[in-house]
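Chemist: Requesting a structural model of the entry that follows:
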Amino acid sequence: QVQLVESGGGLVQAGGSLRVSCAASGRTFSSYALGWFRQAPGKEREFVAGISRSGSTTFYADSAKGRFTISRDNAKNTVYLQMNSLKPEDTAIYYCAGQRLYGDYVPHDGYDYWGQGTQVTVSS
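Modeler: Okay, the predicted model is just below:
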């Protein structure tokens, strides 16, 4: 089992950058694929980016491609989402999620463990 705690959210102007982090407890962090999801007011939660257990494979939603970068540091039990060229439509609560896997790939769904979320607000 893993517990996930996000941090780094905040208010940023359009065109700016922000990095959110997700720290995990436990000694089996490298057994989990990790993903970032977001939920804007009045909208369903959506997948943003995912990274495999080793970090060798990543996958992005179309809305994140070219602007966001997901990475992980298994020695620090932390996954990051670097967000550049932010737009007002990126405003949402960003959630970190984990799924324990045997393979080294990026699942798009089926995540079992979730953090509490961190608010990202992009002003125009």
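
Chemist: contacts and neighbour counts: CA atoms only from here.
Modeler: Noted.

Chemist: Quick one: the strands in the protein, in order.
Modeler: 4-7, 10-13, 18-24, 32-39, 46-51, 58-60, 68-73, 78-83, 92-100, 113-114, 118-123 (DSSP state E).

Chemist: Show me what the fifth one is packed against.
Modeler: Packed against strand 46-51, as judged by 3 or more C-alpha pairs under 8 Å, 6 or more residues apart in numbering; DSSP states H and E, are the following elements: strand 32-39, strand 58-60, strand 68-73.

Chemist: average pLDDT for the first one?
Modeler: Read that as strand 32-39. With pLDDT averaged residue by residue, strand 32-39 scores 97.

Chemist: now it and strand 92-100, what's the angle there?
Modeler: Put simply, strand 32-39 runs at 160 degrees to strand 92-100, going by axes from the mean of the first three to the mean of the last three C-alpha atoms, to 10 degrees.
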